[in-house]
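Enquirer: sequence-free structure coming up:
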């Protein structure tokens, strides 16, 4: 979620992220859709927007666009535009994003073990 830079919540987030490495890490993958987008790209990269949308039928185009932009801004994804007609765009996980693989794998395992009870 985007916060105004001057808000108290944003200032608290900065302080918490500075003091807690877990909070800092979660800041990159927080949100409803970002972990799924990243997980799918880690398993299937490169992917185009339409391919991601097919893999995530419940996400709106607006939310997918937002998640992709945030992950790109944070240096987790790379957007490659090919100079073709029509333009082709693919998304790849950066080395920094790939370093989150073990974290996401452990979260996936934990979720599988505890989801139903």
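Expert: Looks like it arrived, so ask away. Computed from a predicted structure; not experimentally measured. Numbering: from 1, shown residues only.
Enquirer: all contacts plus neighbour counts: C-alpha atoms, from now on.
Expert: Fine.
Enquirer: how near is the residue nearest the centre of the chain to residue 19?
Expert: With the centre of the chain defined as its mean C-alpha position, the nearest residue by CA atoms, centre = their mean is residue 34, 3.3 Å away. To residue 19, residue 34 is 23 Å away according to CA to CA, to the nearest Å.
Enquirer: which residues in the protein form helices?
Expert: Under the criterion DSSP state H, the chain carries helices at the ranges 8-19, 21-29, 34-44, 49-55, 61-73, 95-98, 101-114.
Enquirer: which of these sits closest to residue 86?
Expert: Ranking the helices of the chain by proximity to residue 86 (CA to CA) places helix 49-55 first, at 13.9 Å.
Enquirer: quick check: buried residues in that closest one?
Expert: 49, 52-53 (16 or more other CA atoms under 10 Å).
Enquirer: which residues outside stretch 98-117 are in contact with it?
Expert: Residues lying outside stretch 98-117 but in contact with it, judged by CA atoms under 8 Å, 6 or more residues apart in numbering, are 35, 39, 42, 76.
Enquirer: please convert these to a markdown table, extending it with distance to residue 100.
Expert: As requested, the contacts of stretch 98-117 are exported to a markdown table (distance: CA to CA, whole Å):
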| residue | distance to residue 100 |
| --- | --- |
| 35 | 10 |
| 39 | 10 |
| 42 | 10 |
| 76 | 9 |
